[in-house]
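[1] Give the three-dimensional model of this entry:
(one chain, ligands or ions: 1)
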Amino acid sequence: MSKIRICLIGAGRAGEVHGDVYNDYVKNSEMAAVVDNNLEKAKSLVKKYSLKEILAFNTFQDAINNVKFDAVVIATPTSIHSDYVIKAAKNKIHVFCEKPMTTTTYDCDRMIKACKDAGVILQIGFMRRFDPGFLYAKNLIDEGAIGKPIIIKSLTHGPELPEKWSLDIKDSDGMLAEVNSHDFDTIRWLSGTEFESVYAVAENFKCPEIGKIFPDFYDTAVVSLKLRNGALGLIDSVCPCFYGYDARAEVVGTKGIMFIGSLQDSTTITCTKENNIFTKQTMSWNKRFHEAYISEDRHFIECILSGKKPVVTGEDGKKAVAAVVAANNSILKGKPVNIV
Ligand SMILES: NC(=O)c1ccc[n+]([C@@H]2O[C@H](COP(=O)([O-])OP(=O)(O)OC[C@H]3O[C@@H](n4cnc5c(N)ncnc54)[C@H](O)[C@@H]3O)[C@@H](O)[C@H]2O)c1
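    Sure thing, here's the model as predicted:
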């Protein structure tokens, strides 16, 4: 069977994670090109995979003109995802787009329509849905192990601030989009229902210098959600938290409770005579979700080859964007906002 050829767009942090995964773990695929508007970054990633014939470009159009490929993996700053998704679809190229899908539901609709009209796959990068622990929990919940979920709590705390482009909330939808999109998706996925309304509060505790440039910037938020089936959701967001990469969830059901994920990097715990007890915490998202990134990239290729629908669709991406936008509105207005 011929291999699915991939063009990676955006050779930054997430782009490199996908590049590594496609290079090392995804059979039936091969990297064909890397595009970055900073050509040196594209070249440096290509150099990393130097045993393969991969070309670097600083525009997507140059890649289209010079190399044949079947699919793109889009890992650029969020606000430009839509341009690349729509251009790829118009060229009949399958699309994997990193989360958040984009910054507005209007753009989500344009992206979904472009891919549908072109008949190409559109998968969004909510890799928690491929994490063995989260998947196990989802299956147990669906089997009724804890009864009906009534409270779903999900948190993501990042050790450091993400890249500069994500600091201006007007351009990126802020930390709730960049860091906590995963939590919105997790709550919707685990509860099996849609969002109804949101009330969110936020503060800037640690980054006063960023607040001087972007007055709406927050590094900490608490989000409460009402779901259509009556269940409640809660997200807490801290970035930077400095202590590690922390991604956990807790589901309270009518018959029990479930805890998903751990900050601990390994099962080893050391106790000493001096009454110390210590273990190592997880420090990076790419390490924490390594297996999940491999599974989601394999799934994308399987969907292209079989024509089956991805488990994370453009509609799922749009629901998370709608909730993030409503949560940011709630923070600004100081009152609950309906999620449409
Ligand atoms: N799924 C996850 O867990 C996860 C983790 C990190 C980032 N992300 C997402 O991936 C995307 C990228 O984030 P990142 O942290 O890798 O950012 P980054 O800044 O590290 O990388 C972005 C790259 O895109 C390039 N770029 C900027 N403008 C471009 C343009 N117009 N055309 C082509 N390339 C351009 C930059 O030069 C840079 O190399 C974001 O949407 C982010 O939310 C997802």
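
[2] so what's the residue nearest the centre of the chain up against?
    Nearest residue to the geometric centre of the chain (Cα atoms, centre = their mean): K99, 3.8 Å. Applying Cβ atoms under 8 Å, 6 or more residues apart in numbering, we find K99 in contact with 124-126, 181-182, 185, 317, 320. C-beta coordinates here come from the backbone N, C-alpha and C atoms, glycine included.

[3] Pick out whichever of the residues you listed sits closest to T76.
    Distance to T76 across the contacts of K99 (Cβ to Cβ) is lowest for G125, with 12.2 Å.

[4] In stretch 129-144, which residues are buried?
    129-131, 133-135, 137-138, 140-141 (16 or more other Cβ atoms under 10 Å).

[5] ok, now stretch 331-340?
    So, applying 16+ other Cβ under 10 Å, buried residues of stretch 331-340: 331, 336-337, 339.

[6] Quick check: end-to-end length of that stretch?
    17 Å (Cα to Cα, to the nearest Å).

[7] Give me the contact list for it.
    Contacts to stretch 331-340, defined as Cβ under 8 Å, 6+ apart, come from residues 194-202, 216, 218, 221, 322-323, 326-327, 329-330.

[8] for stretch 244-253, same thing?
    The contact list for stretch 244-253 (Cβ under 8 Å, 6+ apart) reads 128, 134, 137, 141, 145-159, 182-183, 186, 190, 257-263, 281-285, 287-289.

[9] buried ones in it?
    Residues of stretch 244-253 classed as buried: 244-249, 251-253 (neighbour count, 16+ other Cβ under 10 Å).

[10] And the ligand, is that stretch touching that?
    No: Stretch 244-253 is not in contact with the ligand by Cβ under 6 Å from any ligand atom; minimum separation 9.2 Å.

[11] For the spatially closest residue to S172 that is not a sequence neighbour, give me the pLDDT.
    Using Cβ to Cβ, 6 or more residues apart in numbering and skipping the chain neighbours, the partner closest in space to S172 is S166 (4.4 Å). With respect to pLDDT, S166 scores 95.

[12] so can I have JSON lines of the buried residues of stretch 331-340 showing pLDDT?
    Converted to JSON lines, those look like this (pLDDT from 0 to 100):
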{"residue": "I331", "pLDDT": "98"}
{"residue": "P336", "pLDDT": "98"}
{"residue": "V337", "pLDDT": "98"}
{"residue": "I339", "pLDDT": "98"}
